[in-house]
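[1] Sharing a sequence plus its predicted fold:
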Amino acid sequence: MAVRRLKDKIFEVGAIDFDRRLFDELIPLPEGTSYNSYLVQGSDKTALLDTVDPAKVSSLVENLNELSIEKIDYIIAHHAEQDHSGSLPFILELFPMAKVVTNAKCKEMLISLLLLPEEKFIVINDREILSLGDKTLEFIFAPWVHWPETMLTYLKEDKILFTCDFFGSHLAAAPLFVTDQPHVLRSAKRYYAEIMMPFRTSIKQHLEKLKTVDFTIIAPSHGPVYDQPEMIMDAYADWAGDQVKNEVVLPYVSMHGSTQEMVEYLINALIARGIVVKPYNLSRTDIGELAMDLVDAATIVIGTPTVLVGPHPLAAYAALLANALRPKTKFASIIGSFSWGGKMVEMLSAAISNLKVTVIEPVIAKGAPREAEYAALDNLADEIKKSHQAAGIV
């Protein structure tokens, strides 16, 4: 993998992983990812900002060799997760004089996760300065983006903000800087939805904090670098803000067609009322796409048949996913069918208890839907429209 130059004496030396298709054995990566690691050479000292996933450590070493790096003084650890820190033990063996610079919480986690010796660390505080000679690093704590120990580094002389996971995107791209803004924004939104959305409150606080920092480049640890940082800053302000859109996300599954009929009827009823509907058949849904649409939607409606006494497992998973991601969705409902009884509605309602939503009366059919259920679905569409009007988004 080639060395990529940001500015004079500042290089990206990590790895692009074009082939990876799953992260944490959970998150689909349709466009791969990258593990950005940055080398900053000051007049006196050299710092490496993060490492790479252990599977790609050879790329990092090759890049350091290409630059003829014989000495690293500091390794800045922004985040203890192994896709950034996992190669630390190997790099510390190659550069035994290097010290790991991080905060106290991250130090504790790195010792726990990687069994690093305590004497390898230099612990810094929020807004502390580290001089490399003619380049100065300032550390900015930013907990909960998306782990508790996360922090950023500001390179003062070059006005570069190194943000690790913050503002990142799982996008394997050869150009170092953003060249296709719509493409990168879509990838960054997916990344936000899957990873950052549960920490929306913290994200908003950090965005406010960064308004006091004079940077012209944002260099995350996944995906392209932003040389027009206002693009991603504005997008994050929108995604993390409280405003929702006149949209219904409708994840559903149907076994024998009854729920499918109800879903199709509700889709048409919502469209007729001027509401954008985004249905997801859960038997073939990319959960990243579903998560991305949850970022803005005012309402989520889950469609499911009853299996044994509860929801279909795919519907239960969608509910658990929404509950974990905590979107700013304001309204929710459930539609579906049953044959002989059960507690599908109660179990799904309990599964989304983290969502701060108003629940609109569910519509449940015994067997195939009839006139009464179709009328109830029309009423549900009316109630959703009234709710969106009351929220000021119609």
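    Ah, there it is.

[2] Distance from the lengthiest helix in the chain to the middle of the chain?
    Taking DSSP state H as the criterion, the chain has its longest helix at helix 371-390. Relative to its parent chain, helix 371-390 has a centroid offset of 33 Å by Cα atoms, centre = their mean, to the nearest Å.

[3] elements contacting it?
    helix 258-272, strand 297-307, strand 331-338, strand 363-366 (3 or more Cβ pairs under 8 Å, 6 or more residues apart in numbering; DSSP states H and E). Glycine gets a C-beta too; all of them are placed from N, C-alpha and C.

[4] which non-adjacent residue is nearest residue 56?
    Take residue 56 and drop its neighbours on the chain: the residue closest to it by Cβ to Cβ, 6 or more residues apart in numbering is residue 15, 3.6 Å away.

[5] Could you report the neighbour count for the one you found?
    25 (other Cβ atoms under 10 Å).

[6] Just list whatever residues bridge to it.
    Under DSSP bridges, the beta-bridge partners of residue 15 are residue 35.

[7] ditto for residue 49
    residue 38, residue 76.

[8] OK, contacts around it?
    Each residue near residue 49 by Cβ atoms under 8 Å, 6 or more residues apart in numbering is listed here: 37, 38, 39, 40, 75, 76, 78, 153, 162.

[9] Next one, pLDDT for it please.
    Looking at residue 49, its pLDDT is 98.

[10] now residue 1
    Per-residue pLDDT puts residue 1 at 65.

[11] how about the strands of the stretch 51-200 of the chain, start to end?
    Counting by DSSP state E, counting those that start in this stretch, the stretch 51-200 of the chain has these strands, from start to end: 74-76, 99-102, 121-123, 129-131, 136-141, 151-155, 160-164.

[12] List the contacts of residue 336.
    259, 262, 302-306, 311, 315, 344, 362, 364-365.

[13] of these, closest to residue 323?
    Using Cβ to Cβ, residue 302 is the member of those that sits closest to residue 323, with 11.1 Å.

[14] For the closest one, give the beta-bridge partners.
    residue 334.

[15] Near it, how many other residues are there?
    29.

[16] For residue 151, which non-adjacent residue is spatially closest?
    Of all residues not flanking residue 151 in the chain, residue 141 sits nearest, at 4.9 Å (Cβ to Cβ, 6+ apart).

[17] check contacts around the one you found.
    By Cβ under 8 Å, 6+ apart, the contact set of residue 141 is 103, 126, 151, 152.

[18] Mean pLDDT and distance to residue 379 added to the helices and strands packed on helix 371-390, as a markdown table?
    Converted to a markdown table, the helices and strands packed on helix 371-390 look like this (pLDDT from 0 to 100; distance: least, Cβ to Cβ, whole Å):
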| stretch | mean pLDDT | distance to residue 379 |
| --- | --- | --- |
| helix 258-272 | 98 | 9 |
| strand 297-307 | 97 | 13 |
| strand 331-338 | 97 | 11 |
| strand 363-366 | 96 | 8 |
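
[19] so which of the ones you listed is the most packed in?
    Mean neighbour counts were compared across the helices and strands packed on helix 371-390 using mean count of other Cβ atoms under 10 Å; the top stretch is strand 297-307, at a mean of 26.

[20] Keeping just the C-alphas, turn that one into PDB.
    Written as PDB, here are the backbone C-alpha positions of strand 297-307 (Å, rounded to 0.1, in the frame of the first residue of the first chain):
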ATOM      1  CA  ALA A 297     -37.300   9.200   9.800                       C
ATOM      2  CA  ALA A 298     -40.100  10.600  12.000                       C
ATOM      3  CA  THR A 299     -41.800   7.200  12.300                       C
ATOM      4  CA  ILE A 300     -41.000   3.500  12.400                       C
ATOM      5  CA  VAL A 301     -43.600   0.800  11.800                       C
ATOM      6  CA  ILE A 302     -42.600  -2.800  12.300                       C
ATOM      7  CA  GLY A 303     -44.500  -5.500  10.300                       C
ATOM      8  CA  THR A 304     -44.500  -9.100  11.500                       C
ATOM      9  CA  PRO A 305     -46.500 -12.300  11.700                       C
ATOM     10  CA  THR A 306     -46.700 -14.100  15.000                       C
ATOM     11  CA  VAL A 307     -44.300 -17.000  15.500                       C
END
